[in-house]
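1. Give me a model of this one.
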Amino acid sequence: MLQKNNYFTGVVFCLLATLSWGSMFPIMTHALQKIDPFTFTAMRYSIAGVVFVAFLYFKEGLPSFKIDGDKFLLWLFGSAGFAGFGFFVFLGQKLAGPEGALSASMMMATMPLLGLLVNWVLKGVRPPNFSFVFIGLSFLGVILVITKGTPLLIFTSTQNYVANIFMILGALCWVIYTIGATYFSKWSPIKYTTMSILFGLPTIFSITTGLIVTHIITLPSTNTLISISPELIYMALIAGFVGVLCWNQGNRIITPLNGVLFMDVVPITAFIISTMEGVVPVGGQILGIMFTVTALILNNLYQRHKMIKIQQASIAVPKSTP
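-> Predicted coordinates for the structure are as follows:
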């Protein structure tokens with residue numbers, strides 16, 4: 001009974017995390033009408049960074065801030081995860097307008113399958129043949145969403161596709177950041193998150209400052225900051241801090257193999273909230289999310305079947321006598 005209750009707790013943690021992430025894209029639709037994604041990202045991760053530093057100190061003490069790993073890689077992964085993700089995804093969402101929340105959330109659901117490709121590039125681990133089918137099905141779902149159910153528009157119209165390229169790049173940046181944690185396997189998830197934010201912030205500040213100095217973006221006014229303060233608090237503390245903590249804790253309990261399925265909650269949540277706000281998806285877009293959700297589930301089932309066969313094979317091999 002205790003094990004079942006613990007597993008249920010892990011499910012609740014993963015669900016809370018993905019619900020917070022699915023909600024953040026409709027919430028950002030309002031913020032991006034008033035502020036650029038660069039300044040917003042700098043403020044968001046500054047707040048989240050302070051909270052993570054305090055939490056790491058409370059949980060693991062001052063010695064946990066010692067850097068016993070490659071500082072360049074930490075900067076690279078931190079820049080990809082926080083500057084790359086924050087800038088690309090929300091710039092793409094801003095360019096795409098009110099429907100950008102739907103497209104951005106779909107990109108998040110493809111991350112587990114994108115991870116197979118990135119892992120292939122970074123570590124030489126080729127995905128199984130069946131996984132390529134699921135990857136293709138997932139991206140067919142994305143295409144149906146961004147083209148409103150008419151895939152041929154990709155070849156005849158370029159409207160908003162630059163925005164979607166930015167969002168795909170942002171999703172890739174987060175996948176690279178996530179895989180980057182394996183290079184710091186001796187660290188706790190909290191330490192990796194905290195230190196990577198601290199190393200990523202200089203990149204965020206440098207790019208944002210450069211854009212302000214060159215007048216590409218302007219500093220927001222006090223009235224603007226006040227008006228977007230609810231969105232900023234949500235993004236920094238709920239989606240940024242609480243969401244990450246729940247995700248880490250949930251996956252620790254139910255394992256990443258089970259936790260990854262909850263990424264399907266992100267686009268479903270975004271679709272429901274967007275519909276309530278008047279951005280109603282068409283039939284082709286609903287079919288697209290079904291394709292992407294199905295691809296993630298089928299790939300997960302395939303990975304489980306493959307793992308069971310490996311375990312059975314290891315049991316069947318007779319142990320040598322000493």
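2. show me what contacts the closest residue to Val280 other than its chain neighbours?
-> Of all residues not flanking Val280 in the chain, Ser274 sits nearest, at 7.9 Å (C-beta to C-beta, 6 or more residues apart in numbering). (Each C-beta comes from the backbone N, C-alpha and C, glycine too.) Ser274 makes contact with 26, 29, 98-99, 101-102, 280-281 under the criterion C-beta atoms under 8 Å, 6 or more residues apart in numbering.
3. can you pick the most crowded of the residues you listed?
-> Ala101 (28 neighbours; other C-beta atoms under 10 Å).
4. where does the chain dip in pLDDT?
-> 1-5, 149, 151-160, 256-257, 310-322 (pLDDT under 70).
5. In it, where's the longest helix?
-> Using DSSP state H, we find that the single longest helix of the chain is helix 283-316.
6. what packs against that one?
-> helix 100-109, helix 111-123, helix 129-146, helix 256-259, helix 265-276 (3 or more C-beta pairs under 8 Å, 6 or more residues apart in numbering; DSSP states H and E).
7. which outside residues touch the longest one?
-> Spelled out, it's helix 129-146. Here helix 129-146 has contacts from 102-103, 106-107, 109-110, 113-114, 116-117, 127, 151, 154, 160-161, 164, 281, 284-285, 287-296, 298-299, 302, using C-beta under 8 Å, 6+ apart.
8. Now which of those would you call buried?
-> 102-103, 106-107, 109-110, 113-114, 116-117, 127, 160, 164, 281, 285, 288-289, 291-293, 295-296, 298-299 (16 or more other C-beta atoms under 10 Å).
9. And Ile146, how far from Arg126?
-> 28 Å (C-beta to C-beta, to the nearest Å).
10. my guess is Ser46 contacts Leu201, does it?
-> Yes. The pair formed by Ser46 and Leu201 meets the contact definition of C-beta atoms under 8 Å, at 6.9 Å.
11. In terms of packing, which of these two has more residues around it?
-> Shown here are Ser46 and Leu201; by other C-beta under 10 Å, Leu201 has more neighbours (19 against 14).
12. So which elements touch whatever helix or strand the more buried one lives in?
-> Counting by DSSP states H and E, the element that carries Leu201 is helix 189-213. When contacts are defined as 3+ C-beta pairs under 8 Å, 6+ apart, helix 189-213 packs onto helix 37-60, helix 71-78, helix 85-96, helix 243-254.
13. Now with 10 Å, please.
-> helix 37-60, helix 71-78, helix 85-96, helix 161-180, helix 243-254 (3 or more C-beta pairs under 10 Å, 6 or more residues apart in numbering; DSSP states H and E).
14. Show me which positions of stretch 130-149 end up buried.
-> 131, 134-135, 137-149.
15. Apologies, that question was intended for stretch 267-287.
-> In stretch 267-287, counting by 16+ other C-beta under 10 Å, buried: 267-271, 273-274, 279, 281, 285.
16. mind checking the end-to-end distance for that stretch?
-> Using C-alpha to C-alpha, to the nearest Å, one end of stretch 267-287 lies 12 Å from the other.
17. same question, stretch 31-40
-> 9 Å.
18. try stretch 92-106
-> 13 Å.
19. And for stretch 272-289?
-> 12 Å.
20. which residues sit in contact with Ile168?
-> Listed by C-beta atoms under 10 Å, 6 or more residues apart in numbering, the contact set of Ile168 reads 88-89, 92, 103, 107, 110, 114, 139, 142, 146.
21. re the thing from before, nearest to Glu60, of the buried residues of stretch 267-287?
-> Thr269 (31.9 Å; C-beta to C-beta).
22. backbone phi and psi for the residue nearest to the closest one when sequence neighbours are not counted, please?
-> Among residues not flanking Thr269 along the chain, Gly22 sits closest, at 2.7 Å (C-beta to C-beta, 6+ apart). When read as degrees, to the nearest 10, the backbone of Gly22 gives phi -70, psi -30.
23. Confirm for me that Gly22 is in contact with Phe271.
-> Yes. With contact defined as C-beta atoms under 10 Å, Gly22 reaches Phe271; the gap is 8.5 Å.
24. so what's in contact with these two at the same time?
-> Taking C-beta under 10 Å, 6+ apart as the contact rule, Gly22 and Phe271 both touch 101, 105.
25. How far does stretch 294-303 sit from its chain's centre?
-> 19 Å (C-alpha atoms, centre = their mean, to the nearest Å).
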